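S.K.: Generate a structure from the sequence data that follows.
(chains A, B and C)
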Amino acid sequence: MARDQNGKTRLLQGNEAMVEGALAAGCRFFAGYPITPASEIAELMSVRLPMVDGTFIQMEDEIASMGVIVGASLAGVKSLTATSGPGFSLMQENLGFACVTEVPCVVINVMRGGASTGLPTSPAQGDVMQARWGSHGTHPIIVLSVSSVHDCFEITVHAFNLSEKYRIPVVILSDEVVAHTREAIVLPDRKKLEVVERIKPSMPPEWYQPYEDNSRGVPPMASFGDGYRHHVTGLVHDAHGHSTQRPEEIDAFQRRLFRKITNGFYEIQMTKSMLMEDAEVAVIAYGSVSRSALRGIRMARKKGVKAGLLHLVTLFPFPKMAVSGVLRQCRAVLVPEMNLGQISREVKRVNTSSKVEKINRIDGQLITPEEICERLREM
Amino acid sequence: MKDDRYEIRFGGSGGQGIILAAVILAEAAAVYDGKKVCQTQSYGPEARGGKSKAEVVISDHEIDYPKVIQMDLFLAMNQVALDAYFFDFKPNGLLLVDSTFVEQMPTSRVIAIPFTRIAREKFDRELVANVVALGAVGHFCPAVSIEGLEKTVLKKVPAKTRDMNSQAFLAGVEAAQSFDLSRLPRSVISDEEREV
Amino acid sequence: MIAEITRIRHKYLRHDKKFPHVWCPGCGIGIVLGSLIRAIDGLGLAKNDLVLASGIGCSGRLPAYVDFNTLHTTHGRALTFSTGIKLANPSLNVLTVMGDGDATAIGGNHFIHAARRNLNLTAIIINNQIYGMTGGQYSPTTPYGSNSTTSPYGHIEHAFSIADLAVTSGASYVARGTVYHVPALDKLISRGIEKEGFSVIEIMTNCHTQYGRRNEMSDPVTMMKWFKDHAVTTTRAKKMSPEELKGKFSIGVLTDIDKPSYTEEYQKIRDRAKGREVKS
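M.R.: This is a model prediction of the structure:
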């Protein structure tokens, strides 16, 4: 790990490390609404942002919070909001707007237990499909997950970079365990961090078409106030940004939104393989459960089971290449989740011929290493 | 890879400062001793009262599972927390209780010190019972240095209470010094038989 | 005179946009747009520094036709986007156009909190007392007893006064005008844009297609006459008794107060935060 100016080890909570990651990535705007277990992010942002000429605002609800960060990003400032399930539900409307108008922004969802008000102080992973499909209609989105304090820093930086590069909202799924776990971390030197900025138009304003296709599928983005005076709308729009009813324009626009993600697939899909070299069975896990999985695998290995781990960092677009490799290598795969099976279905969609087993907990408790070890021994 | 996890759990009621105690222990191990640490907690909706637990896992290596699997050390600040959180106590683990509030011990590998009574009688402040207890934890816990722990306590508490907290910490260390760990009964299960 | 007005309009209309516009012949929104353009032109505001945002509905289509930085957001949420834009770049002039349902039903919470917060934004609320684009359903400002497609037996709810709501929520400047009293409207909008702090201009606007047609005012002229007969200036209203004012509405400036705007206040927060950083 790179050392910061002081090379100082700090003890940070996951939520705090996300703030550090966001600031390091150049985030200078936060809007949010109080909610357990994500509130620490807002509290720390309210302390830190004004120190760096950034802006913090607490809004009247999560609908507003999401609208505000899209507005701030349209004015050229990297922006963030953080919430948990109930608030994430409210954000879906304007999150969809950001997808369709291609406004970069990052949304952190610290998942908590249950549906509705649920279990505010317990972990879960029930929002995976909502993160992908929560907003209505056909739209692409990037969903990342975090499993440690170090991840919270690093993946937040990645999230901003991907968001800026592909002009797309990025959702980071954390959970109550990761958010409130404190771990030792040495924050890397900011000068050594790769920070990506959105590409701005270089042509004269009269030539600028804000939604014109190009080889990357990502048009340059002018900020309001840059002199380009373009139109932004949630209606399906043509290259000029004006609403269109022409089927060929509609189709080209909607497909471009997906193409830009497909083009960047190898960069966007992030996974970590551990103990996979000789693995005959594998666990595919994400978030805090991936840590139980690694422990469970080590316990199983002591008992002679050749098990390995595929830790998914990117959840969507689904890292099917990496998953398909594991499915080919192993006779069976176990997908433990703190829901009744959301990623396990995506795994099955990649390859239906391999055996895909599940461990599911929805009691507000982290899946334990023993549960995973025991199942691996049976597989 | 050698497994050198040292696992500590703190149990008590909200307001007894057990989460702060766990945070201080974790920070001392990380910042002063250069260890890997994971500090977690579980709690209900109450800010005061109710039972709560906080955990610290300390290791020289990257920590996979962040929570306690089997406790090496359990500090129980009251009976309710002891009863609720004792279940995954390791054979040959150490139970440290605040005898001000704990009467029934589920194991003979126990050291009982009246942390709250010491805090009340010596410092007229029950609030510092957690720091007295930390002194004792620091004495018994091989995974953290006592110097680093003391420095971290002083860093974390308000400036004007530093003297009192420093003395409270020492009072905890002194109370612990009167016990001899080697004289505690041993678990009958040998390491070879035990499943890890 | 007419030539001059046309010249000003063409200076600000977007020529790459596919005209004709979506509004019905005789719609009051066009009059609001003209008034808005004249106010902006009169103040000499640079096009590059002006953001015009809207929500959803007939009013939501307004920004697309003019050559500013324009934003057509989600239903009721326009003020939240405007808040983000203004906070991120306070040098921009941010105007927000909303309808009555947009601003006070689905966006009611955002509206009162924007007024309370007193960020330097201008909210222009086109009140045509109906949901026009979706086919004439009742809105929070549909008068008691009138007909709509969702109150076929007469409306039993009571209407909001948007301007009064803005005053009690803490807006710095609140005015009401109509699409009949156009020269006055130009001035009300212009003062609202100039005002530091949150300003609201409620504009009584005819929707003869959806509201008028079901309430015995099926053409624009009848509706204009209704505005003419029922509007009372704030100065005159002060001299009238409650009985005389019954069924009438006041036009003009309803409130104009000075208090520190949010951007000024937030700059103080930044200064404090940096001071604290230096000290520790």
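
S.K.: tell me the helices in the stretch 201-350 of chain A, going along the chain?
M.R.: Along the stretch 201-350 of chain A, the segments classed as helices by DSSP state H, counting those that start in this stretch run A:247-263, A:265-268, A:289-302, A:320-329, A:343-350.

S.K.: OK, now which residue of chain A is nearest to chain C?
M.R.: A:G71 (2.5 Å; Cβ to the nearest Cβ). For glycine as for every other residue, the C-beta is placed from the backbone atoms N, C-alpha and C.

S.K.: still on that earlier bit, out of the helices of the stretch 201-350 of chain A, which comes closest to C:A166?
M.R.: C:A166 lies closest, by Cβ to Cβ, to one member of the helices of the stretch 201-350 of chain A: helix A:247-263, at 37.8 Å.

S.K.: does chain C sit close to that closest one?
M.R.: No: remark: helix A:247-263 sits outside contact range of chain C, by Cβ under 8 Å from any Cβ of the partner chain, the gap being at least 11.8 Å.

S.K.: Spatially nearest residue to C:S172 (excluding sequence neighbours)?
M.R.: C:G197 (3.1 Å; Cβ to Cβ, 6 or more residues apart in numbering or on different chains).

S.K.: got it, and B:Q167?
M.R.: B:F123 is the one closest to B:Q167 (Cβ to Cβ, 6+ apart), at 7.0 Å.

S.K.: How about the contacts made by that neighbour?
M.R.: Counting by Cβ atoms under 8 Å, 6 or more residues apart in numbering or on different chains, B:F123 touches B:M164, B:Q167, B:A168.

S.K.: May I have the strands that pair with the longest strand that chain A contains, each with its orientation?
M.R.: Longest among the strand segments of chain A by residue count, using DSSP state E, is strand A:105-113. Sheet pairing of strand A:105-113 (DSSP bridges) gives strand A:79-83 (parallel), strand A:119-123 (antiparallel), strand A:169-175 (parallel).

S.K.: got the angle for the last one vs helix A:289-302?
M.R.: When you say that, I think you mean strand A:169-175. Counting by axes from the mean of the first three to the mean of the last three Cα atoms, to 10 degrees, strand A:169-175 lies at 50 degrees to helix A:289-302.

S.K.: Only alpha carbons, please: show the following helix or strand past strand A:169-175 as PDB.
M.R.: Downstream of strand A:169-175, the next assigned helix or strand under DSSP states H and E is helix A:176-180. Extracted C-alpha coordinates of helix A:176-180, given in PDB (Å, rounded to 0.1, in the frame of the first residue of the first chain):
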ATOM      1  CA  GLU A 176     -24.000  -2.500   7.700                       C
ATOM      2  CA  VAL A 177     -21.100  -4.800   8.500                       C
ATOM      3  CA  VAL A 178     -18.700  -3.100   6.100                       C
ATOM      4  CA  ALA A 179     -20.000   0.400   6.900                       C
ATOM      5  CA  HIS A 180     -19.400   0.100  10.700                       C
END
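
S.K.: Per-residue confidence at residue 11, what does it come out as?
M.R.: Went with chain A since none was named. Reported pLDDT at A:L11 in the predicted model: 96.

S.K.: not what I meant, chain C
M.R.: Model confidence at C:K11 (pLDDT) stands at 93.

S.K.: same thing with B:D124?
M.R.: 95.

S.K.: ok so, going back, please identify which helix or strand holds the residue of chain A closest to chain C.
M.R.: helix A:62-74.

S.K.: Going by contacts, tell me the helices and strands next to that helix.
M.R.: strand A:29-32, strand A:79-83, helix A:85-101, strand A:105-113, helix C:78-88, helix C:108-117 (3 or more Cβ pairs under 8 Å, 6 or more residues apart in numbering or on different chains; DSSP states H and E).

S.K.: can you redo those as JSON lines with mean neighbour count?
M.R.: Compiled in JSON lines, these are given as follows (neighbours: other Cβ atoms under 10 Å in any protein chain shown):
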{"stretch": "strand A:29-32", "mean neighbour count": "28"}
{"stretch": "strand A:79-83", "mean neighbour count": "30"}
{"stretch": "helix A:85-101", "mean neighbour count": "22"}
{"stretch": "strand A:105-113", "mean neighbour count": "28"}
{"stretch": "helix C:78-88", "mean neighbour count": "30"}
{"stretch": "helix C:108-117", "mean neighbour count": "22"}
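
S.K.: give the contact list for the residue in the stretch 101-250 of chain C that chain B sits nearest to.
M.R.: Closest approach between the stretch 101-250 of chain C and chain B, counting by Cβ to the nearest Cβ: C:N109, at 25.8 Å. For C:N109, the contact set (Cβ under 8 Å, 6+ apart) comprises A:E60, A:D61, A:A64.
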